[in-house]
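>>> turn this into a structure:
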Amino acid sequence: MDQEKIKQAIRDLLVGIGEDPDRPGLVRTPERIAEMCGEILGGIGQDISAQVKTFPCPGFDEIVLIKDISFYSLCEHHLLPFMGKVHIAYIPKDSIITGLSNLVRIVDLFSRRLQLQERMTTEIADLLMKKLDPRGVLVQIEAEHLCMNMQGVKKPGTIVKTEAVRGNFRSDERTRSEALSLLKST
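Prediction:
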């Protein structure tokens, strides 16, 4: 990331909205925003597929489900945050699994980019299908979008839910129902 370009752009934005970028409360704002961009957009340019390490778990071929992975991201349309929870389920093939922390890391890296919730949902599912070669993958994301809360329709508290299903979760209704039931349980 080009920190100097970000600082200049924020300074220009402040001038553009009629503010004085040299007033005491704003003097360091361009620098703070540049640092923040490095932190919250740190997934840009990262090889996310390298995060998925696999290993054998002999005899295990049942659903693996991790839910309520917290995330935040920036909507690429308005540069406003959206945040929520990601739920991931997969069914290993040939007893090949991945570490649970790998699933959390890929959510983190996909969300730390300018993003669309719909795209992020499919990116996670597609990456897991490619790297794990499982019998099936199900990804759900539930999020609140500040672009819907603060501008436009102005409807705070609205939750957007997206889902991507692959393999057995798509072709076998019983398997999908079992995973959805596990997601609803506390």
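>>> state the distance from the most centrally placed residue in the chain to Asn149.
Note on the chain: the residue nearest the mean C-alpha position is Ser111, at 3.3 Å, using Cα atoms, centre = their mean. Relative to Asn149, Ser111 is positioned 18 Å away (Cβ to Cβ, to the nearest Å). Bear in mind the C-beta positions are built from the backbone N, C-alpha and C, glycine included.
>>> swap in Val52?
From Val52 to Asn149 the distance is 33 Å (Cβ to Cβ).
>>> identify all contacting residues around stretch 147-155.
Identification of contacts with stretch 147-155 by Cβ atoms under 8 Å, 6 or more residues apart in numbering yields Cys75, His77, His78, Leu80, Phe82, Pro156, Gly157, Thr158, Val160.
>>> which helix or strand contains the closest residue to Met83 other than its chain neighbours?
In this structure, Met83 finds its nearest non-sequential neighbour in Tyr72, 3.9 Å apart by Cβ to Cβ, 6 or more residues apart in numbering. Taking DSSP states H and E as the definition, Tyr72 sits inside strand 64-75.
>>> could I get the buried residue list for that strand?
Val64, Leu65, Ile69, Phe71, Ser73, Leu74, Cys75 (16 or more other Cβ atoms under 10 Å).
>>> and the closest residue to the third one other than its chain neighbours, what does it touch?
Distance criterion Cβ to Cβ, 6+ apart; nearest residue to Ile69, sequence neighbours excluded, is Val86 at 4.3 Å. By Cβ under 8 Å, 6+ apart, the residues touching Val86 are Ile69, Phe71, Val107, Ile124, Val139, Gln140, Ile141.
>>> I figured the fifth one hits Ile124, correct?
Yes - counting by Cβ atoms under 8 Å, Val139 does reach Ile124; the two are 4.8 Å apart.
>>> show me the contacts for the residue nearest to Met83.
Tyr72 makes contact with Ile40, Pro81, Phe82, Met83, Ser111, according to Cβ under 8 Å, 6+ apart.
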